[in-house]
Each structure stands twice: as structure tokens, then as C-alpha cells.
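Visitor: Quick one, structure for this:
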Amino acid sequence: MSHRWSVSLLLLLLWPSWYHCMTIHFQTLQPVYAFPAECLVLQIQINHDSTEKIAQIRWERETGNMKDPGNLGKVTLITFPGQAKGLDGRLSLDQQGTVLKLEGFGLMDSGVYIVTVTDQGGAETSAQCVVKEYEAVHHPSVRLNVSHSSLYCVEAWGTDLRFSWLHEQAAITDAVGHVSPDGKTLFVSSTPICGHFTCVVRNKLGHSSATYTAEPCKREGKGTTVAGLSLILLLVCGGALAFLLWRRYKRYSNRGQRLRDDFEDNTQIFSAHSPALRWTQNHT
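Guide: Have a look, this model is predicted:
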């Protein structure tokens with residue numbers, strides 16, 4: 001019995017050293033994408049009880065990849081309390097070391113950011129966050145799957161990509177086909193595939209596009225429509241020409257009639273008032 005009490009008393013005395021309930025986590029569990037030349041901000045939240053005192057917060061970064069272990073490296077960036085600045089003045093801490101700010105983010109700043117919190121007893125708690133550079137759209141391409149009557153848009157670069165499709169520079173309609181939920185695949189309804197299909201890839205840094213060109217689409221009834229329009233135009237022009245000729249003929253006809261009438265009237269007047277005519281009449 002006395003032995004059990006001794007063990008219980010020893011565990012009670014050692015309780016503060018082995019009982020550790022501090023937890024930390026980043027604001028997001030997803031990878032963080034930083035824009036080139038802009039400011040990267042990482043923030044952590046520390047959960048602990050009032051008896052636990054924070055002795056140090058250490059920020060580190062691990063770069064490289066597992067396929068090339070020789071390029072793996074883990075460096076200490078900044079600590080709190082301790083350094084006021086880091087990385088040639090680009091790095092700083094705020095809010096008691098829980099907020100990391102990195103000015104002028106570049107590709108070399110990508111990696112796994114690790115923050116370690118040490119309490120007054122020397123116990124450490126860590127959390128990590130993956131940081132990548134936000135990449136612009138590069139050069140997409142379009143591939144044809146003949147067996148499935150579909151077009152697939154491929155983009156190997158870029159972050160947060162959004163896909164959309166155009167047919168003959170117009171939005172896709174049900175008559176043309178439908179797009180997959182992720183926007184990468186266009187299932188074409190018409191057979192055979194014809195015309196120009198353009199895939200447009202966008203993100204926050206811009207957009208780029210690629211076009212697949214098939215055989216020109218045949219427009220049904222196009223020849224009949226053109227012939228009908230040509231006939232109507234010919235009839236209109238013929239009617240207008242006939243009307244102009246009729247008006248011209250009518251105008252000249254009226255003018256000739258007026259000239260004849262005027263000539264006859266003048267002849268009668270001349271005959272009635274002629275002296276020779278009056279002398280002849282008087283001597284008859």
C-alpha cells in the first residue's frame with residue numbers, strides 16, 4: 001500500500017513536466033500561394049492554458065524535394081524573442097511572433113514553413129504550412145479524342161486555373177456540345193466535328209488560349225438563301241430601272257405633245273393675221 005502511495009505522489013510531483021496540452025495551427029490547412037514580388041503573410045494560433053508560458057517561437061523553412069535529397073535544406077528564418085528582422089530586412093514578426101511577414105516574395109522563398117513553439121519547460125510543439133509561388137498561365141493546348149468526340153484542354157503550368165470554351169468565337173451552346181464540370185473537356189454533339197474550337201485558360205495573373213481547327217462547317221440552306229436574295233435583288237433593280245425608263249419616256253412624250261400643240265396654235269394665229277391673206281379675201 002505504501003508503495004502505491006509513493007508512486008502516486010511521484011506522478012503528482014512530475015505532472016507539470018509531462019502533461020503538455022499546448023497546440024498550434026496555421027489559419028489554413030491548404031497550401032498558400034503567394035504572388036511574385038508581393039508580401040507573404042503567415043499567421044498561427046497558439047492554444048495553451050494559463051500555467052504554460054511560451055519561451056520561444058522559431059520560424060524555419062525547408063526547401064527542395066524528396067526526389068533530390070541533396071537539395072533538401074532546413075534553415076531558421078527568425079525567432080521571437082530575438083531577431084527583429086531577417087533575410088536582409090525582408091522578414092519580420094508581429095503579434096508576439098505569431099505573424100510572419102515576408103516582403104518581395106520570390107520563387108526561392110517557396111517551401112515548407114515550420115513554426116516551433118517552446119514552453120518554459122523545454123517542450124516543443126510544431127506546425128507546418130506549404131507555400132508556393134502563384135504561377136501565371138503558360139501555353140495551353142487542345143487535344144482531340146476521336147473515339148469519344150471530345151476535345152481536351154491541357155495546361156501544365158499555372159495556379160488556380162479556370163477553363164472555358166468557344167466555338168467560332170461564340171459561347172458553347174447545347175447544339176454544339178457540353179463541358180465537363182472541371183471545364184477541361186468539351187464533349188461535341190455535332191458529327192463530324194467542324195469549325196474552330198478555342199480553349200481559354202484564366203487565373204488571377206491573366207489568360208491564354210489555344211485553338212483546334214477542324215473542317216469548315218457546312219451551312220445547310222446557305223446556297224438556297226443566297227440564290228433567293230440574289231433573285232430578289234435582281235427583281236428590285238429591274239423594277240427600279242423599268243420605272244426610271246418609263247418616267248423618262250413619259251416626260252419626253254409630254255414634251256413632244258406640247259411642242260406640236262404650240263406649233264399648231266402659232267400657225268393658226270399667223271394665218272388669221274397675215275396681210276396677204278386679208279388682201280386676198282378683200283379682192284375676192
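Visitor: any idea which helix or strand carries residue 241?
Guide: Secondary structure from DSSP states H and E places residue 241 in helix 222-272.
Visitor: Grab the nearest non-local neighbour of the residue nearest to the spatial centre of the chain.
Guide: Nearest to the geometric centre of the chain sits residue 202, at 3.4 Å (Cα atoms, centre = their mean). In this structure, residue 202 finds its nearest non-sequential neighbour in residue 162, 4.9 Å apart by Cβ to Cβ, 6 or more residues apart in numbering. (Glycine included, C-beta is placed from N, CA and C.)
Visitor: With residue 76 instead?
Guide: Nearest residue to residue 76, sequence neighbours excluded (Cβ to Cβ, 6+ apart): residue 60, at 5.2 Å.
Visitor: which ones are touching that neighbour?
Guide: Applying Cβ atoms under 8 Å, 6 or more residues apart in numbering to residue 60 gives the contacts 74-77, 113-116.
Visitor: residue contacts, the residue nearest to residue 202?
Guide: Residues in contact with residue 162, defined by Cβ under 8 Å, 6+ apart, are 183, 201-203.
Visitor: How much space separates it from residue 84?
Guide: Separation of residue 162 from residue 84 (Cβ to Cβ, to the nearest Å): 41 Å.
Visitor: now swap in residue 153 and tell me
Guide: From residue 153 across to residue 84, the span is 49 Å (Cβ to Cβ).
Visitor: more crowded one of these two?
Guide: Set side by side, residue 153 and residue 84 show more neighbours around residue 153, with 27 against 11, by other Cβ atoms under 10 Å.
Visitor: I figured that one hits residue 202, correct?
Guide: No. Using Cβ atoms under 8 Å, residue 153 makes no contact with residue 202, being 11.7 Å away.
Visitor: Number of residues surrounding the closest residue to residue 120 other than its chain neighbours?
Guide: Distance criterion Cβ to Cβ, 6+ apart; nearest residue to residue 120, sequence neighbours excluded, is residue 53 at 4.3 Å. The tally of other residues near residue 53 (other Cβ under 10 Å) stands at 9.
Visitor: Ranking by neighbours, what's the top pick from the contacts of residue 162?
Guide: Neighbour counts for the contacts of residue 162 peak at residue 201, which has 24 neighbours (criterion: other Cβ under 10 Å).
Visitor: That one pairs with what?
Guide: residue 163, residue 208 (DSSP bridges).
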